[in-house]
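> Sequence first, then the predicted structure, then my questions.
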Amino acid sequence: MNFFFKKKFIIPIVASAFLFIGTSFKDDFFEIAKQIEIFTTLFKELNKNYVDETNPGDLMDKAIKGMLGSLDPYTVYFNEQEVVRFKINNTGEYTGIGALLTRKEEKLTVKEIYKNFPADKAGLKPGDEIIQIGDVLLSAFKEDASQLFKGAKNTKIDIKYIRQGKTNTTQIVLDEVEIKSVPFFGKIDAKTGYIVLSHFNKKASVETKEALEQLKREGAQRIILDLRDNPGGLLNEAVNICNLFVPKNEIIVTTKSKIEKHNTTYKTANEPIDTEIPLIIIVNGRSASASEIVSGALQDLDRAVVLGSRSFGKGLVQRPVELTYGTQLKVTIARYYTPSGRCIQALDYAHKDKSGVATRTEQKNYNAFKTRKGRAVYDGGGIQPDVELSETKLSPITNALIRNDGIFNYVTHYYYKNPTLGDKIPTISDADYLDFKQFLKAEKFSFDTETELALKNTLAIAKKEKVDESISTEYQQLLSALQKSEDLLLDKNQKEIKNLILDEIIKRYQYQEGLYQYYIKNNTEVKKAVSILDNNSEYKSILKL
């Protein structure tokens, strides 16, 4: 908008704007009141007249969540019980067991154990399936089972779990569990420091600062900041981490909303630690939100080379709104924009395809922006690296293996076949990979690709319409062809799958620390980052320094 109007034009324009806003709000208010009245009448009559007994609370929960489901997945309603259950503690400390758990059907599966925390001391391992916590059988407990592990420090909880088909018992003693934002930092070589930032809690910038200062004391003259798989967290911590590398009063991120008060510009507020040290940031498709603010801002300011694969593209801002009777709404209020003006958000939830899936901007429609030194950068969702490594992008077949625990379950099988591996780093041989494929077949692993799901859905409909027998032969032929195709894709993408298998194996024997120690010398992205830092002219040419 051009703001250089003559004074006499300003008053009428402002007045007409107020008139427009006032009229619009009045129309919206009438429409909202009308729809609430319709819904209230419907809800009352439904509960009064329906043939069976109804549960008004359940019906309302489903109605609200159905309505919000048409928006983005980050706008969420919490009823009274959920508010208590899902309160997130961003301090990084809580009383718990120190393990990552996932719920599937009637079991809690241990996905990762953190070293020296209660679950580790109790002897639990990844792959263990917890079936009873205290006196509660999970088969009969439909709520969030991880809440059964909450309690005061030193609370003792007996659990029953299945490991390799055998039922075992142990006792967990609850303790304070500190989730570090920086789980690892160290030196790759005499000059290069490496910092892993796994999420953005209230200690993220403090821990990153401490790691940076320690590495500099140890002689580090350049830094690699690893943001892979970092889902984000607190916005102010992202700004503070950028502030370690750029001067005070730099714009880091802007939020834009239809509501004026939610339009905010976030600037650095402190003196930096080092504005000159060469910096490379590694991202991947699971780097999201605050990770994208850090990588995008430092890219726009020509302060860091971004390396890896395009980030996730989570650029929607949420805030909690307290509702009546202890309920809560977490609602999307704005979008994030980097200093150059790029929108981080990838998926457009306002425009969905026929299947109800949000659309993604096609590459041909990306818009170009300029960094401070005039380099071209593009929107389209997420942060596109300056140095894009095609080999780090995961194929659909690999994503299916991750999503449905194919790699995780195989490594559990491998771990108990090789109990004495210890600190050794194995090589995933062709024989091991064949064993992996045979394991998937023996377990009747389902990839659940879009094609596979569509085929299964076709058979389900055919059975319903009682025509499945007549298409049985053709169905089996298609299924066989699909399975053959999946087998070929496993072979085609075996390099990336082998790497992920190895990563998971290292974590089983040596925890997270062992994996990062391995990355320092062997990881593709880290090695590429070091090679760029070793070639000062290449580093400067990327940033146009």
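Structure received.

> could you measure residue 415 against residue 256, distance?
48 Å (CB to CB, to the nearest Å). Glycine gets a C-beta too; all of them are placed from N, C-alpha and C.

> just residue 539 next, same as before
Counting by CB to CB, the gap from residue 539 to residue 256 is 33 Å.

> Who has more neighbours out of the two?
Neighbours of residue 539 and residue 256, each counted by other CB atoms under 10 Å, are more numerous for residue 539; the result is 18 against 15.

> all strands of the stretch 351-500 of the chain, in order?
358-360, 368-370, 376-378, 387-388 (DSSP state E, counting those that start in this stretch).

> In TSV: those strands, plus mean pLDDT and distance to residue 292.
TSV is the format used below for the strands of the stretch 351-500 of the chain (pLDDT from 0 to 100; distance: least, CB to CB, whole Å):
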stretch	mean pLDDT	distance to residue 292
strand 358-360	83	15
strand 368-370	95	15
strand 376-378	94	13
strand 387-388	96	15
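
> What are the boundaries of the strands in the stretch 201-350 of the chain?
222-226, 251-256, 264-267, 279-283, 305-308, 316-322, 328-337, 347-352.

> What lies in contact with the last one?
Strand 347-352 has contacts (CB atoms under 8 Å, 6 or more residues apart in numbering) with 71, 72, 73, 313, 358, 359, 360, 361, 381.

> ok, now the first one?
For strand 222-226, the surrounding residues in contact (CB under 8 Å, 6+ apart) are 188, 191-197, 208, 212, 215, 277-282, 294, 304, 519, 526, 529-530, 533.

> quick one on the thing from earlier: just send the strands of the stretch 351-500 of the chain back as a markdown table, with distance to residue 458 and mean neighbour count too.
A markdown table is the format used below for the strands of the stretch 351-500 of the chain (distance: least, CB to CB, whole Å; neighbours: other CB atoms under 10 Å):
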| stretch | distance to residue 458 | mean neighbour count |
| --- | --- | --- |
| strand 358-360 | 25 | 14 |
| strand 368-370 | 43 | 13 |
| strand 376-378 | 39 | 15 |
| strand 387-388 | 38 | 14 |
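
> for the ones you listed, which one sits closest to residue 404?
Among the strands of the stretch 351-500 of the chain, strand 358-360 comes nearest to residue 404, with 22.4 Å by CB to CB.

> Give me the distance between that closest one and the centre of its chain.
18 Å (CA atoms, centre = their mean, to the nearest Å).

> Touching it from outside, list them.
72, 346, 347, 348, 349, 351, 352, 353, 381.

> quick one: strands adjacent to it?
strand 347-352 (antiparallel) (DSSP bridges).

> what comes up buried for the strand it pairs with?
347, 349 (16 or more other CB atoms under 10 Å).

> tell me the average confidence for it?
Here strand 347-352 scores 83 as its mean pLDDT.

> Could you number the chain from 34 rather than 1 from now on?
Sounds good: first residue 34 from here, last item strand 380-385.

> Report the inter-axis angle for that strand versus strand 361-370.
Strand 380-385 runs at 110 degrees relative to strand 361-370, counting by axes from the mean of the first three to the mean of the last three CA atoms, to 10 degrees.

> Any idea how far strand 380-385 is from the middle of the chain?
That offset, for strand 380-385, works out to 19 Å (CA atoms, centre = their mean).

> Could you check the angle it makes with strand 349-355?
Using the same axes, to 10 degrees: strand 380-385 against strand 349-355 is 80 degrees.

> Closest to the centroid, which residue in this protein?
residue 264 (3.8 Å; CA atoms, centre = their mean).

> and that one, what does it touch?
232, 319, 321, 322, 324.

> So which of these belong to helices?
residue 324 (DSSP state H).

> pLDDT below threshold where in the stretch 34-183 of the chain?
34-60, 117-128 (pLDDT under 70).

> For burial, what's the neighbour tally of residue 577?
So residue 577, with other CB under 10 Å, has 11 neighbours.

> Excluding sequence neighbours, find me the nearest residue to it.
Sequence neighbours aside, residue 406 is the residue nearest to residue 577 in space, at 4.6 Å (criterion: CB to CB, 6 or more residues apart in numbering).

> Cross-check the contact I'm expecting between that neighbour and residue 576.
Yes. With contact defined as CB atoms under 8 Å, residue 406 counts as touching residue 576 (7.0 Å).

> Render the CA-only coordinates of stretch 273-287 in PDB, please.
Output of stretch 273-287 as PDB, limited to C-alpha atoms (Å, rounded to 0.1, in the frame of the first residue of the first chain):
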ATOM      1  CA  ASN A 273      17.400 -15.800  21.300                       C
ATOM      2  CA  ILE A 274      19.300 -18.500  19.500                       C
ATOM      3  CA  CYS A 275      19.600 -16.300  16.300                       C
ATOM      4  CA  ASN A 276      20.800 -13.600  18.600                       C
ATOM      5  CA  LEU A 277      23.800 -15.600  19.500                       C
ATOM      6  CA  PHE A 278      25.000 -15.100  15.900                       C
ATOM      7  CA  VAL A 279      23.600 -11.700  14.900                       C
ATOM      8  CA  PRO A 280      23.600  -8.200  16.400                       C
ATOM      9  CA  LYS A 281      21.000  -6.600  18.600                       C
ATOM     10  CA  ASN A 282      17.800  -5.200  17.000                       C
ATOM     11  CA  GLU A 283      17.800  -7.500  14.000                       C
ATOM     12  CA  ILE A 284      14.400  -8.600  12.700                       C
ATOM     13  CA  ILE A 285      14.100 -12.400  13.000                       C
ATOM     14  CA  VAL A 286      10.500 -13.200  12.300                       C
ATOM     15  CA  THR A 287       7.200 -11.500  11.700                       C
END
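
> roughly how far out does that stretch sit from the chain middle?
23 Å.

> which parts of that stretch are buried?
For stretch 273-287, by 16+ other CB under 10 Å, it's 273, 274, 275, 276, 277, 278, 279, 283, 284, 285, 286, 287.
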